[in-house]
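K.L.:
Sharing a model prediction with you, sequence too.
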Amino acid sequence: MTPVTRVKYASAALAAALLLGLGTPAAAAHTPGRDAHRVPFTAATVTDHADGTSTVTWTAPGTRTVTIRSEGRTVARGGATGTVTVPTRTTADRRWFDLVPDRGTPLRLADRLIRLQGTANLRDAGGYRTRDGRWVRMGEVYRSDALDKLTDADLAKLRRLGVRTVLDLRMESERAAAPDRVPAGARHVVADVLAGSGTFTAMPRTPAEAEAMMVQGNRFMVSGDTAKAAYATVLDEVADGDGVLFHCTAGKDRTGWAEAALLTALGVPEETVMADYLASNTYRAAANEAVLSHLPPEQAAVYKPLLDVRPQYLNASFDEVEREFGSFRAYLRKGADLTPRELKSLERDLLVG
């Protein structure tokens, strides 16, 4: 029998719950029906490691015990908060963990990164908590960098993961130079964000010019005509079904706004959206360094703002939403052509709890 890792109950969880205004279980103002369907986790992550282990971390104020299950086995038990590292004994494409509280709805999570030979920045769009306490379901929507270097094994893995629609946000020149490889049976849909815009076509001469170019490009992603049409297509495809993967070349700018718009529409807090956006710096660190290390220092300084994602870039997009549309809901309706019915469909299909 596989030994079960036990995690000590963290008494600080009670204090944290009180500070957050969540109260103790006895004092919580929830009806039994609501409690039965509420996801009690306020934070939870899964991180896979190169040594074949996975770390699961969780916080679930108001619970007494949390059971961690994987592949039909209980691998850990703990209290309202805990961190456990367990060995990976699976040959599956992803290792999934079910976090089962003694009260409320369980949460199903995996490491967000999809490890392929031909990509560096292919990630699950889910696994985030919304402002109202629900969670974005994992295994439904993916974001990525370019797919032209996918191996046959990569394609087979994406097919097993259920990728049925690939949305290509790149320009025609990019698509011609590096055509997508898509899983067998998947639809390939072009949603060209920058078509004919002239954005990102001239090389900046200074780091300041490079930053300004990125800021302007992120504004265009909100208010440019081709951008509005492209992101309308993205949200429409996501609302219509599961197994959607959207991507550009680096998976950070055009893809970054697609992800930010989707998560914001689902009610994910701004700081979480920003953290997800900035994570491309981590996942693309090796690829970016490989480019910069082969350039003279002066040229590398100009290129670096183009390779980075920075808070001011994403903030420029949100500022443009306010300037052009007045509110994010108005952007969804007028800019991305997302109807209230489609938004409800997104929430119904992608949110848990």
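P.N.:
Perfect, thanks for sending it. Since the model is a prediction, treat every value here as computed from it, not as a measurement. Numbering: from 1, shown residues only.
K.L.:
Going by C-alpha atoms from here, please, whenever you check contacts or count neighbours.
P.N.:
Noted.
K.L.:
Model confidence score at residue 197, please.
P.N.:
For residue 197, the model assigns a pLDDT of 73.
K.L.:
Which residues are in contact with it?
P.N.:
Residue 197 makes contact with 224, 226 under the criterion C-alpha atoms under 8 Å, 6 or more residues apart in numbering.
K.L.:
Verify the assumption that it is located in a helix.
P.N.:
No: counting by DSSP: H, G, I helix; E, B strand; the rest coil, residue 197 is not found in a helix; it is coil.
K.L.:
Residue 272 versus that one, what's the distance?
P.N.:
30 Å (C-alpha to C-alpha, to the nearest Å).
K.L.:
Please apply the same query to residue 297.
P.N.:
34 Å.
K.L.:
the more surrounded of the two?
P.N.:
Taking other C-alpha atoms under 10 Å, residue 297 and residue 272 do not tie; residue 272 has more neighbours (16 against 11).
K.L.:
For residue 326, the count of nearby residues, please.
P.N.:
Considering only other C-alpha under 10 Å, residue 326 is surrounded by 12 other residues.
K.L.:
same check, this time on the one 4 residues further on
P.N.:
Taking other C-alpha under 10 Å as the neighbour definition, residue 330 ends up with a count of 16.
K.L.:
Which SSE is immediately downstream of the helix or strand harbouring it?
P.N.:
Residue 330 belongs to helix 328-330 when assigned by DSSP states H and E. Downstream of helix 328-330, the first helix or strand assigned by DSSP H and E is helix 340-350.
K.L.:
list the helices and strands that following helix packs on?
P.N.:
The contact analysis (3 or more C-alpha pairs under 8 Å, 6 or more residues apart in numbering; DSSP states H and E) places helix 340-350 against helix 225-240.
K.L.:
Which positions in the helix it packs on come out as buried?
P.N.:
Of all the residues in helix 225-240, those buried under the rule 16 or more other C-alpha atoms under 10 Å are 226-239.
K.L.:
secondary structure class for residue 299?
P.N.:
helix.
K.L.:
distance of it from residue 268?
P.N.:
In terms of C-alpha to C-alpha, residue 299 sits 38 Å off from residue 268.
K.L.:
got it, and residue 281?
P.N.:
The spacing between residue 281 and residue 268, counted by C-alpha to C-alpha, is 21 Å.
K.L.:
which residues of the stretch 1-150 of the chain score low on pLDDT?
P.N.:
Applying pLDDT under 70 to the stretch 1-150 of the chain flags the ranges 1-36.
K.L.:
rerun that using 90 as the cut-off
P.N.:
1-37, 88-92 (pLDDT under 90).
K.L.:
All the strands of it, in order from the start?
P.N.:
Remark: strands assigned in the stretch 1-150 of the chain by DSSP state E, counting those that start in this stretch are 5-6, 43-48, 53-59, 66-70, 73-78, 81-87, 97-101, 107-109, 123-124, 135-136, 141-144.
K.L.:
So for residue 299 and residue 268, which residue has more residues nearby?
P.N.:
Neighbour totals were compared for residue 299 and residue 268, and residue 268 leads with 22 against 14 (other C-alpha under 10 Å).
K.L.:
and the more buried one, what pLDDT?
P.N.:
So, for residue 268, pLDDT stands at 98.
K.L.:
How about the secondary structure of it?
P.N.:
Applying three-state DSSP: residue 268 is coil.
K.L.:
what's near enough to touch it?
P.N.:
Contacts of residue 268 by C-alpha under 8 Å, 6+ apart are 128-131.
K.L.:
what do you get if the cut-off is 10 Å, keeping everything else the same?
P.N.:
Residues in contact with residue 268 (C-alpha atoms under 10 Å, 6 or more residues apart in numbering) are 128-136, 260-262.
K.L.:
swap in residue 295?
P.N.:
Contacts of residue 295 by C-alpha under 10 Å, 6+ apart are 301, 303.
K.L.:
Distance of it relative to residue 287?
P.N.:
14 Å.
K.L.:
partners of residue 101 in the sheet?
P.N.:
Beta-bridge partners for residue 101, by DSSP bridges, are residue 66.
K.L.:
what do you get for residue 43?
P.N.:
With DSSP bridges as the criterion, residue 43 is bridged to residue 59.
K.L.:
how close does it sit to residue 236?
P.N.:
On the measure of C-alpha to C-alpha, residue 43 and residue 236 end up 29 Å apart.
K.L.:
Make sure residue 325 is actually in contact with residue 332.
P.N.:
Yes: between residue 325 and residue 332 a contact is recorded at 9.2 Å, counting by C-alpha atoms under 10 Å.
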